[in-house]
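# next come a sequence and a model predicted from it.
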Amino acid sequence: MSDTDNKTNDDRNKSAADAEHRTNETKEAGLSKTKDKEITLDPRIFAYRADLAAQKLYGRVNAPRYSAGEKRQVRRAAIALRKHPDAASGLTSEALFGEHLTVYDEAKGWAWVQLSRDNYVGYMPADALTSETLENTHWVRAAGTFLYPVPDIKSPPLLHLSLTAEVTVKSSEGTFSKLAGGGYILTRHLAELSQNQRDYVEVAERLIETPYLWGGRTRIGIDCSGLVQISLKAAGIDAPRDSDMQKTQLGETVEINAALDRLKRGDLIFWRGHVGIMIDGIMMVHANAHHMSTVAEPLPEAASRIARDGGPITAIKRLPSLSA
């Protein structure tokens, strides 16, 4: 059992449980053959199911039909991404305002989609998307900001946008930027897509006290791997969605020793299904269900607590940008 949730075995690493509960039919659909063996593609990031698969997977998976999909864009502050087309189904992630995605199927008000940012697959309400897509020019660099109907902070806001949401700026008018799709945002809360934060740890620290939310990616609620993904994105580093993927794909491995010394700012600390970011050699910031919040605490204290239920640290990864 992980530190992040006293009722579940882990926080974001759902692949093993998902594999156990997938039907045989769906497993067969996801088989990709090599010369010597068959490989099951991860359904979290490959768009296939028993009755349908993305056209780009033709020849890699077996499906009765394939879809090239349609490009859409998120036009709500944030949309829950779900494993099943059911509002009672739990969140697997969230798509933020301005994100681009591909819709492979639409039925009964639900769209089956794949996000362009991290390739995550799931269901969301079709009416939260628009086919009139725009090329984004800026991203929200503040922890949160408001979209106003007119350039006046006293006007009732239309939406609350979170860190790394993306927008298309048409023009700047004084302290406000006018969006191509309508509405105004404070210019100082935005940055051009080419402008990145220098320190992703500082970004994560700004989200301290954000409530813990399984599948969350905003300052309204966030989970452990969501905190890592959003913080790295603000620094211009693309990261996968879940902690098991992050452990495999991010950074260089650092030796784990009993003293937990020689750690540096920005190191990622992994457990089974959980991840945190080192602030310095001792303190770590992480979103977790033990506190039901994003907190900074001494790594030895967190590691001791997690070890009682979730096991030991499984990996320490160091990203080049903060390894000096």
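On my side now, so go ahead.

# given the lengthiest strand in the chain, what are its sheet partners and their directions?
The residue-count maximum for a strand in the chain (DSSP state E) belongs to strand 100-107. Each strand paired with strand 100-107, and its direction, by DSSP bridges: strand 70-74 (antiparallel), strand 110-115 (antiparallel).

# by mean pLDDT, point me to the weakest helix or strand of the chain.
Least confident helix or strand of the chain, by mean pLDDT, DSSP states H and E, is helix 15-21 with a mean of 38.

# tell me the buried residues in the longest strand of the chain?
Across strand 100-107, burial judged by 16 or more other CB atoms under 10 Å covers 100-105. Glycine gets a C-beta too; all of them are placed from N, C-alpha and C.

# those residues into CSV, with extra columns for distance to I45 and pLDDT?
Output for the buried residues of strand 100-107, formatted as CSV (distance: CB to CB, whole Å; pLDDT from 0 to 100):
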residue, distance to I45, pLDDT
H100, 16, 98
L101, 13, 98
T102, 13, 98
V103, 16, 98
Y104, 14, 98
D105, 17, 98
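
# any chance of these in CSV with distance to G174 as columns?
Below are the buried residues of strand 100-107 laid out as CSV (distance: CB to CB, whole Å):
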residue, distance to G174
H100, 30
L101, 33
T102, 37
V103, 38
Y104, 43
D105, 44
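
# so who does V169 touch?
137-138, 177-180, 190 (CB atoms under 8 Å, 6 or more residues apart in numbering).

# of the residues you listed, buried ones?
137-138, 177-179, 190.

# from these, which land in strands?
Those of the buried ones among the contacts of V169 lying in strands (DSSP E): 138, 177-179, 190.

# nearest to P85 among those residues?
L179 (30.4 Å; CB to CB).

# check what pLDDT that closest one gets.
At L179, the model reports a pLDDT of 98.

# could you count how many residues lie near the closest residue to it other than its chain neighbours?
Nearest non-adjacent residue to L179, counting by CB to CB, 6 or more residues apart in numbering: V167, 5.4 Å away. Residues near V167, counting by other CB atoms under 10 Å, number 23.
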